[in-house]
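A.B. asks: got a predicted structure plus its sequence, pasted below:
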Amino acid sequence: MNAILPPPASVADLTEAERTRILAKTARFAPPPARTADGRTDLVGLTREELVAELDRIGEKPFRAKQLWHWIYHQGATDFARMSTIAKPMQAKLAEHFIVGRPEAAVVQTSTDETRKWLFRFRDGQEAETVYIPDRHEDRGAVCISSQVGCTLACRFCHTGTQALVRNLGAAEIVGQFMAARDSYNEWPSPKGETPRLLSTIVLMGMGEPLYNYENVAKAMTIVMDNEGIALSRRRITLSTSGVVPMMDRCGEELGVNLAVSLHAVRDDLRDEIVPLNRKYPIAELMAACRRYPAASNARRITFEYVMLKDLNDSEADARELVRLIAGLPAKVNLIPFNPWPGSPYETSTPAAIDRFSRIVMDAGFSSPVRTPRGRDILAACGQLKTESRRERPPAR
Ligand code: SF4
């Protein structure tokens, strides 16, 4: 008897199924509701529509949302009493139902090179780190933001990877890191247009894999890009992924921010070991997703992060293979001398090896800067972040 086989699933169906699976897993690590113990809702992290809905709940008209948006995201106000375009009785009513929150800065450290690191504590006591890296030559810099407490991915060269995923950060906690960093540099109201600002760039390269917490990250970045508030352009935001291929497509279509890929190895056998996500989405699939990324076809360069590990991934043959992989892409390669952390299993490549590698990539026409380690003395450099947060028990399946 001939069995009737179901039609084969298309690649698009498989990708959609995979995205659904990732989003379901993300939900198991959801953040707690953004509310205080006395039941007031945090207005930070709400979309404009959600803000309107919250105001409606207390019998207020939608135009208030525009006013509040300006005070919260343009002026940086955290106290309703400072919102001078809102009448006093209304200020009191808002304070009765809402807060404009910030994560608590439990520890702030400033490196000898001016890099600043915050250990932020959230309402449920969980913690994550944020780093401000000033530009050495100009009055501006990048804020490196965390998207999760801990990480599931366990990349072998990364300190965060030794800390199990505790939970995802909510939109309020993600955008709140940037807002608290701004408080610390007194950078409110938001500078307009080309006016110089210190905190001029966001890199989603802190703790966690942002594409495993896509919806909260996307919400936070949409808020940050809103023109009537913080108003950072998408060109000033870079999302770094280890290669969650199905979500890269969605991120490209919906957010269109710059993409950085933590590549770190050019052969599947080695990448399987140091970036274990590679076993799921191998190099060929990852590179195909980079070629599909919409910003790349707009000639915006994709950054490939490559940590230099002594005698492991730093040979001339590796450099040549890297050039072959990225041929034809608008790309830049950031070479990162490995930043050791307590108990780390690797050594940094020698300066000569890094130089040789960089020359081969540059001779092929790609920019290939060697990233100067920043904030190593306070464990703020790339791959060094970690907190004491632990998951008490695994979330229910
Ligand atoms: S490099 Fe990024 S994805 Fe990998 S373990 Fe570290 S934080 Fe997680």
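C.D. replies: Done, it's in. Numbering: from 1, shown residues only.
A.B. asks: separation between the closest residue in space to L277 that isn't next to it in sequence and the ligand?
C.D. replies: The shortest distance from L277 to any residue that is not its chain neighbour, by C-beta to C-beta, 6 or more residues apart in numbering, is 4.9 Å, and that residue is S242. Where you see a C-beta, it was placed from the backbone N, CA and C, and this is true even at glycine. S242 sits 4 Å away from the ligand when distances are taken as C-beta to the nearest ligand atom, to the nearest Å.
A.B. asks: next up, the contacts around S242.
C.D. replies: With contacts taken as C-beta atoms under 8 Å, 6 or more residues apart in numbering, S242 has the following neighbours: L153, C155, E209, V261, S262, V275, L277.
A.B. asks: report the separation between it and D318.
C.D. replies: Distance check for S242 against D318: by C-beta to C-beta, to the nearest Å, it reads 18 Å.
A.B. asks: tell me the confidence at the nearest residue to A327 once chain neighbours are set aside?
C.D. replies: On the basis of C-beta to C-beta, 6+ apart, the spatially nearest residue to A327 that is not a chain neighbour turns out to be A364, at 7.7 Å. Taken from the predicted model, the pLDDT recorded for A364 is 97.
A.B. asks: could you do the one 3 residues further on as well?
C.D. replies: At S367, the pLDDT value in this model is 95.
A.B. asks: with H137 instead?
C.D. replies: Checking the pLDDT column for H137, the value is 78.
A.B. asks: that one should be in a helix, yeah?
C.D. replies: No - when the secondary structure is assigned by DSSP: H, G, I helix; E, B strand; the rest coil, H137 falls in coil instead of a helix.
A.B. asks: how close does it sit to T372?
C.D. replies: Here the criterion is C-beta to C-beta. By it, H137 lies 12 Å from T372.
A.B. asks: still on that earlier bit, quick one: neighbours of the residue nearest to A327, just the number.
C.D. replies: The burial metric for A364, expressed as a neighbour count using other C-beta atoms under 10 Å, is 16.
A.B. asks: and it, how far from the ligand?
C.D. replies: Remark: distance between A364 and the ligand (C-beta to the nearest ligand atom) = 26 Å.
A.B. asks: verify the stated contact: that residue with G328.
C.D. replies: No - counting by C-beta atoms under 8 Å, A364 stays clear of G328, with 11.1 Å between them.
A.B. asks: can you show me the strands along the chain?
C.D. replies: Secondary structure of the chain by DSSP state E: the strands cover 41-42, 98-99, 104-110, 116-121, 127-134, 141-144, 148-149, 167-168, 199-204, 237-241, 258-262, 302-308, 331-337.
A.B. asks: tally of neighbours for A218?
C.D. replies: As a burial measure, A218 scores 21 neighbours (other C-beta under 10 Å).
A.B. asks: please disregard the earlier target; I meant L325.
C.D. replies: By other C-beta under 10 Å, 17 other residues sit near L325.
A.B. asks: quick one on the thing from earlier: quickly compare the strands of the chain and say which is most buried.
C.D. replies: Among these, judged by mean count of other C-beta atoms under 10 Å, the one packed with the most neighbours on average is strand 148-149 (a mean of 28).
A.B. asks: show me what contacts T162?
C.D. replies: Contact analysis of T162 by C-beta under 8 Å, 6+ apart lists A154, G343, K386.
A.B. asks: apply 7 Å and report the result again.
C.D. replies: Contacts for T162 (C-beta atoms under 7 Å, 6 or more residues apart in numbering) come out as K386.
A.B. asks: gap between it and Q126?
C.D. replies: Taken as C-beta to C-beta, the span from T162 to Q126 is 17 Å.
A.B. asks: the more surrounded of H137 and T372?
C.D. replies: A side-by-side neighbour count of H137 and T372, using other C-beta under 10 Å, places T372 first with 11 against 6.
A.B. asks: not counting residues beside it along the chain, what's closest to D226?
C.D. replies: The shortest distance from D226 to any residue other than its chain neighbours is 6.7 Å, reached at Y73 (C-beta to C-beta, 6+ apart).
A.B. asks: also Q177?
C.D. replies: Take Q177 and drop its neighbours on the chain: the residue closest to it by C-beta to C-beta, 6+ apart is T130, 4.4 Å away.
A.B. asks: need the pLDDT of that neighbour.
C.D. replies: For T130, the model assigns a pLDDT of 96.
A.B. asks: repeat for C155
C.D. replies: pLDDT recorded at C155 is 89.
A.B. asks: which residues does it contact?
C.D. replies: Taking C-beta under 7 Å, 6+ apart as the test, what C155 contacts is G161, S242, I274, V275.
A.B. asks: I202 versus E187, what's the distance?
C.D. replies: Taking C-beta to C-beta as the measure, E187 and I202 are separated by 13 Å.
A.B. asks: again but with P337, I slipped
C.D. replies: Distance from P337 to I202, counting by C-beta to C-beta: 24 Å.
A.B. asks: name the residues of the chain found near the ligand, please.
C.D. replies: C151, L153, A154, C155, C158, T160, G161, M207, G208, E209, S242, S262 (C-beta under 6 Å from any ligand atom).
A.B. asks: among these, the buried ones, what's the PyMOL command?
C.D. replies: What follows is the PyMOL syntax for the buried subset of these, where burial is set by 16 or more other C-beta atoms under 10 Å:
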select buried, resi 151+153+154+155+158+160+161+207+208+209+242+262
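A.B. asks: looking at it, V257 is touching L239, isn't it?
C.D. replies: Yes - taking contacts as C-beta atoms under 7 Å, V257 lies within contact range of L239: 5.2 Å.
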